[in-house]
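Novice: sequence-free structure coming up:
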């Protein structure tokens with residue numbers, strides 16, 4: 001029933017995933033020219049590092065993405081989402097899942113020139129606090145909010161996601177949390193969704209403490225790749 005929801009969240013959160021760029025006021029820089037996505041792949045999290053009962057999902061991904069035509073939001077938000085829409089070839093990514101289907105994903109992307117600044121990203125998300133959609137089978141609403149995050153990276157912020165979706169007489173709620181951080185022009189996106197109770201369809205809280213702690217691990221791994 002909720003196929004495509006992850007894609008909608010990714011579209012809203014993708015504002016951040018592709019938006020941390022060169023801006024003197026924000027202190028961020030573009031990625032080194034000699035560092036490729038292949039070079040960054042060893043900095044992705046592993047099962048042992050994630051722990052907490054998570055296993056890597058091979059060939060993960062959502063093939064039933066919702067399009068922009070199915071979303072209802074402000075013109076400003078729609079413009080923001082479209083301008084930040086990413087390409088799967090622009091990042092390396094790994095996904096993990098628990099037995100009760102709580103999920104965690106980690107991606108790394110290079111920052112290139114002529115992209116919005118870190119501050120612009122947070123402002124853009126402010127234009128997208130609520131996104132609704134209706135694909136004919138599933139209807140829902142996504143709420144987004146940001147908060148500051150302290151950590152070793154050059155800069156970082158967190159995105160909290162609340163999703164309410166329904167299909168016929170069945171309703172589902174989901175809780176998500178992601179941290180976006182940048183180190184020397186490399187953006188890390190680390191996000192989690194809580195499991196959904198199969199009896200009530202109520203979503204459990206995403207593991208915020210795990211995401212925050214892994215953000216430090218990711219930053220150390222990215223730093224090691226860049227210094228190699």
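Specialist: Perfect, I can see it now. Just so we're clear, the structure is a prediction, and the values are computed from it rather than from any experiment.
Novice: helix, strand, or coil at the nearest residue to residue 42 once chain neighbours are set aside?
Specialist: The shortest distance from residue 42 to any residue that is not its chain neighbour, by C-beta to C-beta, 6 or more residues apart in numbering, is 6.3 Å, and that residue is residue 225. Every residue, glycine included, has its C-beta placed from N, CA and C. Three-state call for residue 225 (DSSP: H, G, I helix; E, B strand; the rest coil): helix.
Novice: and residue 225, how many neighbours does it have?
Specialist: The burial count assigned to residue 225 is 17, neighbours taken as other C-beta atoms under 10 Å.
Novice: any idea how far residue 111 is from it?
Specialist: Residue 225 is 15 Å from residue 111, where distance means C-beta to C-beta, to the nearest Å.
Novice: okay, now the unreliable bits of this structure?
Specialist: Scanning the chain for pLDDT under 70 picks out the ranges 1-29, 60-71, 76-89, 114-122, 126.
Novice: repeat that for 50
Specialist: Per-residue confidence for the chain (pLDDT under 50) gives these ranges: 1-28, 62-64.
Novice: all strands for it, in order.
Specialist: Taking DSSP state E as the test, the strands found in the chain are 55-56, 71-72, 91-97, 103-110, 130-134, 139-148, 155-167, 170-183, 186-193.
Novice: from the contact counts, what lies against the fifth one?
Specialist: What it means is strand 130-134. Taking 3 or more C-beta pairs under 8 Å, 6 or more residues apart in numbering; DSSP states H and E as contact, the helices and strands that strand 130-134 lies on are helix 5-17, strand 71-72, strand 139-148.
Novice: what lines up beside that strand in the sheet?
Specialist: strand 71-72 (antiparallel), strand 139-148 (antiparallel) (DSSP bridges).
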